[in-house]
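Visitor: What follows is a protein structure lacking sequence information:
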């Protein structure tokens, strides 16, 4: 099956397009046909515009025939998590609140993708407003894991991971607030990168928790992730939290950086709750790096145990404020039953938001309330500082930190949806990275005996994505996990 | 027991900038509804705020003019509350770390008479912070329409200490503050356009005691005289409550300037919990010494400093300065005329009396006036040299107001000069003296009024166009030098 066009890595497809072995229309058609085939079972998309995508593919082919191709992304269908604004396309956040909302403008990352000739292909499902770890919180559908349709693809960017794994998009963009790119990548056998906070513009990304959210790529290989990152990264005058950083040639750097590296293993990340099969897969990865000549050092991240608690205070506090704009006044759902203004707010939000969003808005409102603010929000911010210090301290000795991405492989649909706390613990290895603002990547690292994918997380230093990608590539080069494809 | 009032003012001023506080959408007034918007102003999903540095410049400049301490870091907080005119349902503001702290506003209290300067005092201010304005609700029957043109306009809030003792002081404070802000080019402070809005916190306490009484916040004081009237009304209301044995309740009241009455809007129990927290979308902005130095260099002379200078350097009367000072353009006009020569007091009189009267009559502003400082300076010079009489000068003024023609040219065109050249005047004077030897003898004998006999003849010869002062001096000189 590896020869199927829709399973090929982006870099290979770009080479084929460049060599005239494939047209963008053929590629787009193959991907669209694959969607028609598997989408009824995978349910990765909230919506997609096949005719529009094919027209863009034809435009790309015309550019290429004029000798005016725009680069490796020209004519490549990239799926977009339904929380990133594309002008003229629906932008639902998988919420009833925005079910019929169409964005009038492009997110900065979308503008950059379009300038690179990419085709923004469809709107990918997620947990409502990116709150969740399974897509079960989507108001519209639960996406299936292409490797086992009875299981979740992870979340919140489950649609993005599933689409790339299932051959329904060559690559995708997602967003990661506490693991929403890396965890589904691990559960679906794809590469997922959460960049350093501030490397990629958030303009046009529906905010969940502003100080934690980052947009990043889903891809089939580390090289593909490097290509996408190089396209979307960079300072944006429309986002004051975006950083004025030099953007290296991430793809070119992959072959220039060869290690050996010093890698840290945090004992706090191999504690209770880690699935033994995931544990041994990660151990095998450690052994692989050792064989490559890397020095493995044990490090300590002592405040790790407070990460989930601090995260759910900071993230919910910010979300309670960020989601206040969904009030039925200017756009989105408006309750038909509302009387006065206050009633309009109550009914619109009661009808428009799902239970997990409501839970977090209420929690966040509570922790910011007068009298509780200092005990919760302020304290959580202090914990956050300590967690970041833990990491920066560790980076005096190591180049990157190696952990499992998620404690378990994909779980069954419905298995954890009744227990929010069990669901929250799924992000235990990924959350610290967001709190510390660091880059993290998940790369496929094998399959369980029952055939479920597992992921290896590498955590890098701020704005050192080039190094992080090279380290990930060194593991990937010794394995062929990315060459396996599901048959949903 | 006698009571005294304690008043603090919270003044909101829209800051004059080309674009809004956190977006590239234009700022403006009087545009069709919802045309000054963009994804940020409307809080569309995914939009993000970016600070407008020009607005921060303006507030720092205001702070420097008022002697405030400027914070080294400008930080932004979210003030969370739901209201349909607030697109995000939170307002980006500054909570516990405002950009400016301390400082004061110099005020002038009413003097004992209109032409006597009143007492000056400094009213301390607590803080100035920057935030964004909200939209406007328009109610049509059972429906309410929202116009977001105003939403996101930079708005600074200047909070005074509870240091004002009367409605008159509050009035003086607001007047002085407004003038300073206009001088700085920070805002036009047009209250009709909502560019300046004022809330007052008012309490009373037994005279001479230190503890503050229960305060009442008075809102919607939308003209400077409503501020005075509203506060005076509220003080009377609180005095009446206390004197009838009641206690003042902490509440927010709405003052209606038309009816002169107020009513309760909400009590303390209904106060909001704004759940302030630092806005994670906006990084703190460092305000360095060089930044402040650049703005300090652009700060104009303060109004009262300028007034003191006018009084001392130009010897302009107080009443004239009190007309000039509140009007920055008029002050500049006057100083330019004075710089171009001539007596400054005369120039000031022409400007304050004649120019302003004509502008009012023509319903135009100073900027549209065809009379420029050079006209005034030349006119003053002509009168001073005796080239035209004061009476003729009035005609010259009227002549040039409509056309912008220079005074000398008007004098020549209308033949308004004091007449013949000095040699001819001297010849007429000699003839007059020669023709009236008796009067000449009388004059030399000490009878001053004898001079009138010559004057009449000279004026007849000059057909009335001689300057009487010049005729007078010429006659005296001739009578003195040539005892016939």
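Guide: Cool, the structure landed. Keep in mind that what you see is a predicted model, and the values were worked out from it rather than measured. Numbering: from 1, shown residues only, chains lettered A, B, ... in the order given.

Visitor: Would you report the backbone torsion angles of residue A:192?
Guide: When read as degrees, to the nearest 10, the backbone of residue A:192 gives phi -140, psi 130.

Visitor: Give me the pLDDT for residue 401.
Guide: No chain was given, so I picked chain A. With respect to pLDDT, residue A:401 scores 98.

Visitor: oops, chain B please
Guide: With respect to pLDDT, residue B:401 has a value of 93.

Visitor: what's the burial count for the nearest residue to it once chain neighbours are set aside?
Guide: Distance criterion Cβ to Cβ, 6 or more residues apart in numbering or on different chains; nearest residue to residue B:401, sequence neighbours excluded, is residue B:358 at 5.0 Å. Quick note: C-beta positions are derived from backbone N, CA and C, even for glycine. Residue B:358 has 16 neighbours, counted by other Cβ atoms under 10 Å in any protein chain shown.

Visitor: Regarding residue B:358, which helix or strand does it belong to?
Guide: helix B:356-362 (DSSP states H and E).

Visitor: Check the offset of that helix from the chain's centre.
Guide: In terms of Cα atoms, centre = their mean, to the nearest Å, the centre of helix B:356-362 is found 18 Å from the chain centre.

Visitor: wait, what's in contact with the residue nearest to residue B:401?
Guide: B:371, B:397-398, B:401 (Cβ atoms under 8 Å, 6 or more residues apart in numbering or on different chains).

Visitor: now, which of those sits nearest chain A?
Guide: Ranked by distance to chain A (Cβ to the nearest Cβ), those are led by residue B:371 at 46.9 Å.

Visitor: and the gap between the closest one and residue A:14?
Guide: Here the distance between residue B:371 and residue A:14 works out to 73 Å (Cβ to Cβ, to the nearest Å).

Visitor: what do you get for residue A:123?
Guide: Taking Cβ to Cβ, one finds residue A:123 at 24 Å from residue A:14.

Visitor: picking that back up, neighbour count: residue B:371 and residue A:14, which is higher?
Guide: Comparing residue B:371 with residue A:14 by other Cβ under 10 Å, the one with more neighbours is residue B:371, at 25 against 22.

Visitor: what about the more buried one, is that helix, strand or coil?
Guide: coil (DSSP: H, G, I helix; E, B strand; the rest coil).

Visitor: Kindly provide the distance from it to residue B:400.
Guide: 6 Å.

Visitor: So, low pLDDT: which residues of the stretch 1-150 of chain A?
Guide: Low-confidence segments of the stretch 1-150 of chain A (pLDDT under 70): A:1-2.

Visitor: Quick check: residues of it near chain B?
Guide: Within the stretch 1-150 of chain A, the positions near chain B by Cβ under 8 Å from any Cβ of the partner chain are A:84-85, A:91, A:93, A:98, A:101, A:103-105, A:107.

Visitor: where exactly do the helices run in the stretch 301-450 of chain A?
Guide: Assigned by DSSP state H, counting those that start in this stretch, the helices in the stretch 301-450 of chain A fall at A:307-322, A:341-352, A:355-368, A:379-394, A:420-424, A:431-436.

Visitor: among these, which is the most enclosed?
Guide: Scoring the helices of the stretch 301-450 of chain A by mean neighbour count under mean count of other Cβ atoms under 10 Å in any protein chain shown gives helix A:431-436 as the most buried, with a mean of 28.

Visitor: could you give me the average pLDDT of that one?
Guide: For helix A:431-436, the mean confidence score works out to 98.

Visitor: just stretch B:414-429 next, same as before
Guide: 76.

Visitor: what's the span of it from first residue to last?
Guide: Across its full length, stretch B:414-429 reaches 25 Å between end residues, using Cα to Cα, to the nearest Å.

Visitor: Please apply the same query to stretch B:186-205.
Guide: Start-to-end, stretch B:186-205 (Cα to Cα) is 36 Å.

Visitor: ok, residues contacting stretch B:398-407?
Guide: Contacts of stretch B:398-407 (Cβ under 8 Å, 6+ apart): B:358, B:362, B:369-372, B:374-375, B:378-379, B:382, B:396-397, B:410, B:413-414.

Visitor: one step back: only whichever of the residues of the stretch 1-150 of chain A next to chain B are buried, select them in ChimeraX.
Guide: The ChimeraX command for the buried members of the residues of the stretch 1-150 of chain A next to chain B (criterion: 16 or more other Cβ atoms under 10 Å in any protein chain shown) is given here:
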select /A:84,85,91,93,98,101,103,105,107
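
Visitor: wait, which of the residues of the stretch 1-150 of chain A next to chain B is closest to residue A:482?
Guide: Nearest to residue A:482 among the residues of the stretch 1-150 of chain A next to chain B: residue A:84, at 24.4 Å, using Cβ to Cβ.

Visitor: tell me which residues form a beta bridge with that closest one?
Guide: residue A:205 (DSSP bridges).

Visitor: pretty sure it is in contact with residue A:172, am I right?
Guide: No - the criterion here is Cβ atoms under 8 Å, and residue A:84 misses it with residue A:172 at 10.1 Å.
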